[in-house]
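S.K.: after the sequence you'll find the predicted model.
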Amino acid sequence: HWGLKTNWLGKNMIHKTTATSTQYVAHDAARENAEHGTVIVADEQTKGKGRMARVWHSTKHKGIWMSIILRPPILPAAATQLTLLTATALANAIAEGTTATPAIKWPNDIMINDKKTAGILTEMQAEQDRIHYVIVGIGLNVNHTRIEFPEGLHQKATSIKLETGIEHPTVPLIQQILQYFEHAYDQYMTAGFSPIKTKWESYGYKIGEKIRIRTKHNVFEAIFSGVAEDGALLAETEAEGVQKIYSAEVEWFHE
Ligand code: BTN
């Protein structure tokens with residue numbers, strides 16, 4: 001009933017009415033040799049995981065909660081590029097399947113009207129130079145109304161329905177996300193990251209604007225000048241010129 005138009009992605013589709021987290025289901029499946037391109041979808045998650053050990057609210061039937069198992073022939077250090085690739089697939093699917101205008105906030109939050117509507121969590125099992133598997137988790141808020149978000153998220157989070165006024169069935173969106181993902185992944189494997197980077201930047205949120213960057217070690221302000229060939233954020237300051245940032249929390253200034 002998924003009606004996928006993909007060649008290899010989602011040939012093995014695992015559906016759960018409820019899961020703690022599709023990431024856990026995916027890790028278990030991958031450890032038991034689930035094939036490259038296996039997709040796990042849940043109607044609800046009771047322990048949805050966000051980045052930085054945050055909770056991801058995954059209300060039943062209100063969004064897309066899904067994890068993709070990949071076995072990419074790339075170095076562990078390149079896995080970040082898969083996250084940016086996933087963000088472009090999500091942005092494409094939203095732009096095509098809804099009237100909303102998505103933007104990608106580095107590295108991988110999908111914003112609509114300055115509020116977050118989707119997030120991506122990439123986890124990896126690797127040793128030295130070899131990836132055993134990568135799990136790309138996608139959480140997309142589709143049909144939430146305001147009250148379905150916890151109080152603390154009202155300023156920051158949104159759903160496609162809240163921004164467009166229209167309820168969207170999730171299956172066509174899943175089809176589109178997986179189709180765009182497969183296309184981007186195949187392109188990445190043949191042509192490298194460069195076309196993905198161009199796509200990413202076409203959706204890039206606030207490129208050319210001032211940002212505040214919090215890394216593990218310090219906090220500083222810079223101009224966000226785009227993404228590097230390896231997926232790093234490019235931050236420009238007078239003192240340091242252009243720096244590459246691999247892991248940070250980024251804040252934007254509201255004018
Ligand atoms: C973020 O913090 O922005 C990332 C959120 C990722 C949420 C998705 S929902 C499907 C998959 N299962 C999880 O528990 N998390 C990811």
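M.R.: Thanks, I have the structure now. None of these values were measured; they are calculated from a predicted model.
S.K.: what are the buried residues along stretch 205-225?
M.R.: 205-207, 211, 213, 220, 222-225 (16 or more other C-beta atoms under 10 Å). The way it works is simple: take the backbone N, C-alpha and C, and place the C-beta from them, glycine included.
S.K.: most widely separated two among these?
M.R.: 205 and 220 (19.3 Å; C-beta to C-beta).
S.K.: returning to that earlier point: show me which of the buried residues of stretch 205-225 neighbour the ligand.
M.R.: Counting by C-beta under 6 Å from any ligand atom, nothing from the buried residues of stretch 205-225 sits close to the ligand.
S.K.: how close does the closest residue to residue 20 other than its chain neighbours sit to the ligand?
M.R.: Distances taken as C-beta to C-beta, 6 or more residues apart in numbering place residue 47 nearest to residue 20, at 4.2 Å, with adjacent residues excluded. Residue 47 is 7 Å from the ligand, where distance means C-beta to the nearest ligand atom, to the nearest Å.
S.K.: quick check on residue 47: phi, psi?
M.R.: phi -140, psi 50 (degrees, to the nearest 10).
S.K.: okay, and the beta partners of the residue of the stretch 51-200 of the chain found nearest the ligand?
M.R.: Distances between the stretch 51-200 of the chain and the ligand by C-beta to the nearest ligand atom are smallest at residue 119, namely 2.1 Å. Beta-bridge pairing for residue 119 (DSSP bridges): residue 139.
S.K.: make sure it is actually in contact with residue 105.
M.R.: No - proximity of residue 119 to residue 105 does not meet the contact threshold set by C-beta atoms under 8 Å, at 9.8 Å.
S.K.: any stretches of the protein with poor pLDDT?
M.R.: 254-255 (pLDDT under 70).
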